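**Student:** Sequence below, structure please.
(4 chains)
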Protein chains: 4
Amino acid sequence: MVVVMTPEATDEDVARVVEKVESAGGEAFVSRGVVRTIIGLVGDVDSFHHLNLRSMAGVADVHRISDPYKLVSRQHHAGRSTVWVAGPGHSVPVGPETFTFIAGPCAVESTAQTLEAAEMARAAGATMLRGGAFKPRTSPYAFQGLGIEGLEILSAVREATGLPIVTEVVDARDVAVVAEHADMLQVGTRNMANFGLLQAVGKAGKPVLLKRGMTATVEEWLMAAEYVAQRGNLDIVLCERGIRTFEQATRNTLDISAVPVVQATSHLPVIVDPSHAAGRRDLVVPLSRAAIAVGADGVIVDVHPDPEAALCDGPQALFGADLRALAQAVRRLPPVVGRVDAATRIKAIAPSLTV
Amino acid sequence: MVVVMTPEATDEDVARVVEKVESAGGEAFVSRGVVRTIIGLVGDVDSFHHLNLRSMAGVADVHRISDPYKLVSRQHHAGRSTVWVAGPGHSVPVGPETFTFIAGPCAVESTAQTLEAAEMARAAGATMLRGGAFKPRTSPYAFQGLGIEGLEILSAVREATGLPIVTEVVDARDVAVVAEHADMLQVGTRNMANFGLLQAVGKAGKPVLLKRGMTATVEEWLMAAEYVAQRGNLDIVLCERGIRTFEQATRNTLDISAVPVVQATSHLPVIVDPSHAAGRRDLVVPLSRAAIAVGADGVIVDVHPDPEAALCDGPQALFGADLRALAQAVRRLPPVVGRVDAATRIKAIAPSLTV
Amino acid sequence: MVVVMTPEATDEDVARVVEKVESAGGEAFVSRGVVRTIIGLVGDVDSFHHLNLRSMAGVADVHRISDPYKLVSRQHHAGRSTVWVAGPGHSVPVGPETFTFIAGPCAVESTAQTLEAAEMARAAGATMLRGGAFKPRTSPYAFQGLGIEGLEILSAVREATGLPIVTEVVDARDVAVVAEHADMLQVGTRNMANFGLLQAVGKAGKPVLLKRGMTATVEEWLMAAEYVAQRGNLDIVLCERGIRTFEQATRNTLDISAVPVVQATSHLPVIVDPSHAAGRRDLVVPLSRAAIAVGADGVIVDVHPDPEAALCDGPQALFGADLRALAQAVRRLPPVVGRVDAATRIKAIAPSLTV
Amino acid sequence: MVVVMTPEATDEDVARVVEKVESAGGEAFVSRGVVRTIIGLVGDVDSFHHLNLRSMAGVADVHRISDPYKLVSRQHHAGRSTVWVAGPGHSVPVGPETFTFIAGPCAVESTAQTLEAAEMARAAGATMLRGGAFKPRTSPYAFQGLGIEGLEILSAVREATGLPIVTEVVDARDVAVVAEHADMLQVGTRNMANFGLLQAVGKAGKPVLLKRGMTATVEEWLMAAEYVAQRGNLDIVLCERGIRTFEQATRNTLDISAVPVVQATSHLPVIVDPSHAAGRRDLVVPLSRAAIAVGADGVIVDVHPDPEAALCDGPQALFGADLRALAQAVRRLPPVVGRVDAATRIKAIAPSLTV
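**Tutor:** Got it, this is the predicted structure:
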């Protein structure tokens, strides 16, 4: 931590800062410049936060140097982690050696639609099913999801297909019921900073898919993961899904750089959602290819048997030729960047599975 | 609503769109251009949303023309509303004729600190007290607020000073207990799109202070207000508190234009929080003056008897000369823009009050 | 300047940094933390830039602490400056004691239109005329301005009204001809980082109005001013005109906080352009009031005798009741924030003038 | 084009709009809704722009439907274009069938450094050399490039290596001299909206590399290309180099989606600059892989024989193992996405070349 003094700061101001730091058990190194003095702090940085140094007389600014997160940082956990999602038929790895393909409908609308989407997903090589029962929508007049009924549909489709299920939970009060049906709990972009929800999913005993807030920095995103980890759950998969910028050609701007940025500072796996980032079907395949090539640990995409009839985000759902193109990319590209498709890995472990 | 067809759209594609709209009870007017055809839709726009027109063959884009919100819109409620917050000693108006000054500590830390801040606020002309008991913090290692104990302190200070209380609620499960102690429930910037919380405060029977999401458009903010209003509660005060931009000189960029933009489309009162927007004490007074001059219905600012010891956001809390400058601005500027200070209005109604 | 080492940096890496700094005549203070080492640098910071420290082995980051601009900084020029723009009839001050109102048409279209707009501006209390002869337009198919003919019209209107003229120059090759006709040279938002143009206007011997790039930080804006100042010209007035954000309700987001932020770090005057920020006539008066109240040194607004016929930005041009409301605000509000209207100041100096 | 009326618009307001459109030779289709009336315009859209409809009484908004650019649009030029850059030894294609690798130092510092960087680039598989002689720098105190001397060094290295040269021109007055030495003229991010410069390079008779403004929308970028094309030059290669967002982990946010977005609407080739987007060496290889996989027509990257001694952007320059990894990606990945490396294509045409 570095404290930067104002040009007008007096020697007494500097002395008071040093004294405060030392009284908290830290060390303070003073560098007097021509115009400004800076003070380097050494010791337990967390304890310095409570000193409120930025409010002291003569202090212009305080720069934090170390990462503010700990449990999700690579600093004390250098290797990258693999999260296993246990399903009815097989467990799915998400991590540095595999590439995991997750697909399904944006919203669960009916058993038939969900089952058909799941079969499409599986035929294309997906090893996990996504599908929303609770839908956070900007407009109170838009379809809000089937709720519990949607969870029951997901459970039935899970049994029928053997695919593990990831679904969103939007309210801390629903965590228990969602965790009963789902194999992985998704926290959506609008709830990334809903700290009560993060703590609740952290205690639920299931892996968590944590989407990046559409206006969150990578650091804030990792701090959100830290909230989950603090409750004892390190089975967290991060998901980049686009950030809000001035560009209007896409719904959000996919921050593809976030993948290697996260991997450089955190041991958690990170996947990409090109469907919600772009909001346009024609971009999903090229962006998925980019995600594989940049080194993401997986993708999660929307598929729908009949996008024209979809109750949510139809314009971005894949089907037909686009889905076949994605299936091909998922087979061919990961080996070129040193990974195996997760389906191949699962079959290697349990050859009898029909993934 | 306007449907824009692609240059390649066929006559059949156009006919299918027209048919779908008419089958939903709407009318469709086709304008064939040299390159593109556009179709104007007339009727119940909400029913058109479910038609999923954007997914149909030949459709390039769908433009919404009407505002998506209804209850909070000026379209059916042309005059601007006044929200009254009932307190122990007096009720406080927030609306187009007055200028309401709300102040208090960012976080409740102790009875003494809260009482002292409340006395500072009242002496400066504030008619309502702010103070956080539940604090949503980016870091799980930062002070998270005193919780229930903080609410009890606020209650005690409310009785002692006669000032009504506004405090934040961060979790739908806490709405009942917060509503027991507070006169107005605040939904913070991180929770603006927490729809379960919006619905819960909508049913709580208390006025709501709805802060803008730091990355929300004005339209999304008004949609969030619509969630509250849908539960039967129109006593909503909007609060502009800065948006996230590339500029790093201030914590957020105060979007001062949002005040007249909101007032042009919604009847709800709108106030400004310059403290959290700027994150710097030296900007709070000039930004408060700007808020008054632009036509805001009030301001909410942080004050603290000892900012160096504050557990939260000390660098932005006012005291001493800055607070006196703000008090002066709140007395002098509103009359120049055709308003009275709310304190004056309250005294006019109940001259015995010690506001 | 502070050098932050990586956690993996060796003692030799640290020693190499220290050596490099010392060989450049600086001093380096090493603070060894538990996880990281930081090195504070003291001396001539500019010479350190060329050391390329960020590329050295073991270096994680380099933080600059001092402002990178010098001539425009308050560090060595504590008082705020007043820039005087000399016109045919009177000189106009822009600075901390006055409030300067500049108005005119976005584009010069004809002598009649420009003269009429100038009379409107003067009647409303403006003491300087704006008007574009060279117009930078996003589309090559849009009206690009009258060029030299426009400058001649401005000259004629300047003689007829006595109002000094500010007009934009968009190309370094045009600086000489524009400086022949104009009293103040404007550098527009799209050219804020056109360094050749900045240097050319810096040598032209006329005051400069430097608009903020719509995506420039305050620091980059002040660096652009430094380019002008380096050529020997410190008669620079900064103009905040809105920045690009995700919000679409206004054309740009007026960053009202930039006014006090600039005033805290630079001695240059700063004014506000609410017309181009908002792009909407109905916001120009409230935003102008906000500009006065926040402490801006002036405003520059679009007026047009017949906005429906305007060739450029008609929807934001003031006339009629809106212009009268602005005139009233410019008379009444500055005294409340401790300033006089520039027109009053000019009359006090030269009572015979018909400002 | 669609005109949206306000809810308060009268029948006369509507009639006036229709009349104005018809008087300009267009057709107007009126759709009367419950709340609002909308008017669809058909005919020559460009002529409607001059009507200034947005300023008319009763008009709330005007939506453009067609693309505002023409020459660079795919609307009248469905196939994607290939631009050939002619060099001393070979010509280099940039287009849909190849993947073109351009590399070189950020700034030309000396003959030895430039030659060494060129040899590194060629050894890694690059077929064109980049290198800056005129450097636009935020700070007037930073290294501004060698100017003419830098051009002469580039010419010498061009002769020595046979590699064609792309270099930036920052001022319209320099276009002639830069065009004498360079095979391709680069317009940088800060000058994307410098319309005089765009017109000057449009007339220079050399292919143009047009970088995206760091805060330009894709539409504005294509409008800038239209300025070049209007001067008779369609040999334009677009270059995505990151946009400005709130995220601070990378210097800019690489907008990888812009590649397929551009390709869907324009026939021009589009390449990616991962070095300037990220500003961090460790991200250049993964982002280059993402660029290949998303379907970009090439990449342009910084290399430097001794990044620690670089006068400009050393922290992002590749060398050693990173450069070898990039060379490998450029050989292996393009075939997987249906392209050949441009070096292979050039050799197929002229097998004697030492590319």
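**Student:** I figured residue A:210 hits residue A:220, correct?
**Tutor:** No. Residue A:210 lies out of contact with residue A:220 (Cβ atoms under 8 Å); the separation is 11.6 Å. Just so you know, the C-beta spots here come from the backbone N, C-alpha and C atoms, and that holds for glycine as well.
**Student:** okay, those two: which has more neighbours?
**Tutor:** Under the neighbour definition other Cβ atoms under 10 Å in any protein chain shown, residue A:210 and residue A:220 were set side by side, and residue A:210 has more, 27 against 18.
**Student:** A strand includes the more buried one, no?
**Tutor:** Yes. Residue A:210: assigned to a strand according to DSSP: H, G, I helix; E, B strand; the rest coil.
**Student:** how close does the closest residue to it other than its chain neighbours sit to residue B:224?
**Tutor:** Leaving out its chain neighbours, the residue that sits closest to residue A:210 by Cβ to Cβ, 6 or more residues apart in numbering or on different chains is residue A:187, at 5.1 Å. Distance of residue A:187 to residue B:224, given as Cβ to Cβ, to the nearest Å: 19 Å.
**Student:** Counting neighbours, what do you get for the closest residue to chain B within the stretch 1-150 of chain A?
**Tutor:** Proximity of the stretch 1-150 of chain A to chain B (Cβ to the nearest Cβ) peaks at residue A:55, 3.8 Å away. Number of residues near residue A:55 (other Cβ under 10 Å) recorded here: 20.
**Student:** do the same with the one 10 residues further on
**Tutor:** For residue A:65, the count of nearby residues is 21 (other Cβ under 10 Å).
**Student:** Help me confirm that it comes into contact with residue A:38.
**Tutor:** No. When contacts are counted by Cβ under 8 Å, residue A:65 is not listed as touching residue A:38 (12.0 Å).
**Student:** what is in contact with these two at once?
**Tutor:** residue A:2 (Cβ atoms under 8 Å, 6 or more residues apart in numbering or on different chains).
**Student:** can you pull the contacts of residue A:244?
**Tutor:** A:214-215, A:252-253, B:215, C:246.
**Student:** Need the three-state assignment for residue A:40.
**Tutor:** Here residue A:40 is recorded as strand under three-state DSSP.
**Student:** Relative to residue D:54, how far out is it?
**Tutor:** Counting by Cβ to Cβ - residue A:40 and residue D:54 are separated by 57 Å.
**Student:** Next: residue A:335.
**Tutor:** Residue A:335 is 55 Å from residue D:54, by Cβ to Cβ.
**Student:** Compare those two and say which is more crowded by neighbours.
**Tutor:** Comparing residue A:335 with residue D:54 by other Cβ under 10 Å, the one with more neighbours is residue D:54, at 19 against 13.
**Student:** Just list the residues touching the more buried one, thanks.
**Tutor:** C:314-315, D:61-62.
**Student:** Now, those that are in helices?
**Tutor:** Among these, no member falls in helices (criterion: DSSP state H).
**Student:** from those, which are also near chain B?
**Tutor:** Among these, not one lies near chain B by Cβ under 8 Å from any Cβ of the partner chain.
**Student:** Skipping adjacent residues, who's closest to residue A:43 in space?
**Tutor:** Leaving aside its chain neighbours, residue A:43 sits nearest to residue A:26 (3.2 Å; criterion: Cβ to Cβ, 6+ apart).
**Student:** Isn't the one you found up against residue A:44?
**Tutor:** Yes. With contact defined as Cβ under 8 Å, residue A:26 reaches residue A:44; the gap is 6.9 Å.
**Student:** More neighbours: which of the two?
**Tutor:** Just comparing residue A:26 and residue A:44: by other Cβ under 10 Å the higher neighbour count belongs to residue A:26, 19 against 12.
**Student:** which one is the most centrally placed residue in chain A nearest to, not counting chain neighbours?
**Tutor:** Central residue of chain A (Cα atoms, centre = their mean): residue A:238, 2.4 Å from the mean position. The shortest distance from residue A:238 to any non-neighbouring residue, by Cβ to Cβ, 6+ apart, is to residue A:270 (4.3 Å).
**Student:** Name the residue of the stretch 201-350 of chain A that lies nearest to chain B.
**Tutor:** Residue of the stretch 201-350 of chain A nearest chain B, by Cβ to the nearest Cβ: residue A:215 (3.1 Å).
**Student:** That residue - nearest residue in space that isn't next to it in sequence?
**Tutor:** residue B:215 (3.1 Å).
**Student:** what's the answer for residue A:172, then?
**Tutor:** residue A:200 is the one closest to residue A:172 (Cβ to Cβ, 6+ apart), at 4.1 Å.
**Student:** and the stretch 151-300 of chain A, which residues reach chain C?
**Tutor:** A:244-246, A:248.
**Student:** let's see it at 7 Å
**Tutor:** Residues of the stretch 151-300 of chain A found near chain C (Cβ under 7 Å from any Cβ of the partner chain) are A:244-246.
**Student:** if I look at residue A:309, how far off is chain C?
**Tutor:** Distance of residue A:309 to chain C, given as Cβ to the nearest Cβ, to the nearest Å: 30 Å.
**Student:** for residue A:227, same thing?
**Tutor:** With Cβ to the nearest Cβ as the criterion, residue A:227 and chain C are 22 Å apart.
**Student:** Pull up the gap between that residue and residue A:190, please.
**Tutor:** Residue A:227 sits 16 Å away from residue A:190 when distances are taken as Cβ to Cβ.
**Student:** More neighbours: those two, which one.
**Tutor:** Set residue A:227 next to residue A:190 and count neighbours by other Cβ under 10 Å: residue A:227 wins out with 27 against 23.
**Student:** what's the nearest residue to that one if we skip its chain neighbours?
**Tutor:** Using Cβ to Cβ, 6+ apart, the closest residue to residue A:227 is residue A:198 (4.0 Å).
**Student:** what's the answer for residue A:345, then?
**Tutor:** In this structure, residue A:345 finds its nearest non-sequential neighbour in residue A:98, 5.0 Å apart by Cβ to Cβ, 6+ apart.
**Student:** So that neighbour sits against residue A:339, correct?
**Tutor:** Yes. Here residue A:98 reaches residue A:339: they are 6.0 Å apart, a contact under Cβ atoms under 7 Å.
**Student:** quick one, what contacts residue A:236?
**Tutor:** By Cβ atoms under 7 Å, 6 or more residues apart in numbering or on different chains, the contact set of residue A:236 is A:83, A:208, A:210, A:225, A:228-229, A:268.
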